[in-house]
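Novice: Provide a 3D model corresponding to the input given below.
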Amino acid sequence: QVHIVESGGGLVQPGGSLRLSCVASRITLDDFHVSWFRQAPGKRREGVSCLSSPDGSLVYADSVKGRFTISRDNAENAWHLQMDNLKPEDTAVYYCAIEASQANCLLIENFYDFWGQGIQVTVSS
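Specialist: The predicted model follows:
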């Protein structure tokens, strides 16, 4: 059974930074596309970013372009989301996920097979 553990969330002031991480076990990560989604209170879960394997193509939601950076470390079975210049509207529970069914990654949650437990990110002064 695939197991994914998230870390790195917390409370940060507007303009600050956080780095989220996920580590997966019992898989070979370079067989999967990796992604981040988020769900704010009262809203649907939305895609934030994804990174394809093996070609490394990237997708970012317009709301985070230029501020967030997704990366992966296949040797460590880990992937990360560096979040800079955070805004209050980035407040949400963030989820990482992986999938292997598509040619390249897509920010469509139904494609994703395995998910992290979710981690809270709060941006507030």
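
Novice: remind me which helix or strand the residue lying closest to residue 11 once chain neighbours are set aside belongs to.
Specialist: Closest residue to residue 11 apart from its sequence neighbours, by C-beta to C-beta, 6 or more residues apart in numbering: residue 122 at 4.7 Å. C-beta here means a position set from N, CA and C on the backbone, and glycine is covered the same way. If you go by DSSP states H and E, residue 122 is part of strand 119-123.

Novice: give the other helices and strands that that strand contacts.
Specialist: strand 10-12, strand 18-25, strand 92-99 (3 or more C-beta pairs under 8 Å, 6 or more residues apart in numbering; DSSP states H and E).

Novice: partners of whatever helix or strand comes next after the last one, with directions?
Specialist: In this case it means strand 92-99. Using DSSP H and E, the helix or strand that follows strand 92-99 in sequence is strand 114-115. When pairing is defined by DSSP bridges, strand 114-115 lines up against strand 92-99 (antiparallel).

Novice: hmm, who's touching the partner strand?
Specialist: Strand 92-99 is contacted by residues 2, 4, 6, 9, 20, 22, 24, 27, 29, 32-41, 43, 45, 48, 79, 81, 105, 109, 111-116, 118-121 when judged by C-beta atoms under 8 Å, 6 or more residues apart in numbering.

Novice: coming back round to it: for residue 59, find the nearest of the helices and strands packed on strand 119-123.
Specialist: strand 92-99 (12.9 Å; C-beta to C-beta).
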